[in-house]
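J.: sequence isn't available, so here's the structure alone:
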């Protein structure tokens with residue numbers, strides 16, 4: 001909702017939003033640019049990022065017990081009522097987050113196989129990849145099931161989306177993967193431009209190459225007036241995939257030549 005509000009500067013300019021004291025972002029990855037813009041729209045509000053799931057509630061993280069300031073984009077510091085561990089990552093500071101507390105569900109109704117997949121000894125496998133900084137604060141990296149491999153490199157769409165949304169002319173970005181005969185999967189970006197700007201697909205590709213790892217840059221870029229939303233008001237990535245399949249050419253498969 002905040003991303004859509006940012007695209008209406010003329011409407012915002014005519015509103016008195018000074019009474020808003022707190023803005024909590026959540027439900028989707030938040031870029032630094034969007035976080036800062038929310039602070040501009042609501043000048044007297046404390047803007048924060050949050051995390052929670054239906055299966056485990058939104059109580060796992062909060063302020064630091066010693067009053068240390070929460071870093072920008074962090075989802076907070078673990079509360080003493082929750083146990084948290086990071087698994088399957090490069091080290092103990094990054095990985096898929098598992099959580100156990102009194103708010104974790106006992107299981108999915110009439111779905112024992114899914115329950116067994118997600119719940120082990122009271123621990124809930126969130127499927128969210130997190131990073132913990134040296135101060136103990138947590139940051140969302142991406143969904144484990146969204147991660148895809150491009151030429152042997154792991155790509156999390158949320159990381160590339162945050163990079164693209166740091167572009168001065170981009171209001172919102174969504175990244176999906178498209179099957180590729182050579183790289184296995186390649187990143188495809190859909191972006192919404194800020195009002196009165198005209199970014200180009202090639203310019204966006206060059207921005208990604210200049211500010212991130214080369215393997216991560218989007219091979220195709222589509223400029224849309226708005227991103228499609230599903231019934232949950234989250235970005236409808238299935239619609240984006242249909243658009244990508246219909247509009248972007250796949251690489252031509254390599255054919256072996258018969259020696260003369």
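T.: That came through fine. In this text, all values refer to a predicted model and were calculated from it rather than measured experimentally. Residues are numbered from 1 along each chain as shown.

J.: which residues in the protein form helices?
T.: Using DSSP state H, the helices of the chain run over 2-6, 9-13, 32-41, 112-118, 157-164, 201-211, 237-247.

J.: ok and the last one relative to helix 157-164, angle-wise?
T.: In other words, helix 237-247. Taking axes from the mean of the first three to the mean of the last three CA atoms, to 10 degrees, helix 237-247 and helix 157-164 form an angle of 70 degrees between their directions.

J.: which other helices and strands contact helix 237-247?
T.: Contact here means 3 or more CB pairs under 8 Å, 6 or more residues apart in numbering; DSSP states H and E; on that basis helix 237-247 packs against strand 170-180, strand 184-193, strand 220-223. C-betas here are computed from N, CA, C, even on glycine.

J.: kindly report the same for the fourth one.
T.: Using 3+ CB pairs under 8 Å, 6+ apart as the contact test, the elements touching helix 112-118 are strand 123-132.

J.: ok, and what's touching the strand it packs on?
T.: For strand 123-132, contacts defined as CB atoms under 8 Å, 6 or more residues apart in numbering pick out 51, 53, 55-56, 75, 83, 85-86, 89, 93-100, 104-105, 117-119, 138-145, 147, 156.

J.: each with direction, which strands does that strand pair with?
T.: Counting by DSSP bridges, the strands paired with strand 123-132 are strand 94-100 (antiparallel), strand 119-120 (antiparallel), strand 138-143 (antiparallel).

J.: for those strands, give me CSV that also has mean neighbour count and mean pLDDT.
T.: Listed next are these as CSV, based on neighbours: other CB atoms under 10 Å; pLDDT from 0 to 100:
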stretch, mean neighbour count, mean pLDDT
strand 94-100, 20, 95
strand 119-120, 16, 94
strand 138-143, 20, 90
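
J.: distance of the residue nearest to residue 12 when sequence neighbours are not counted from residue 13?
T.: Once flanking residues are discounted, residue 12 sits nearest to residue 41: 5.7 Å by CB to CB, 6 or more residues apart in numbering. As judged by CB to CB, to the nearest Å, residue 41 and residue 13 stand 10 Å apart.
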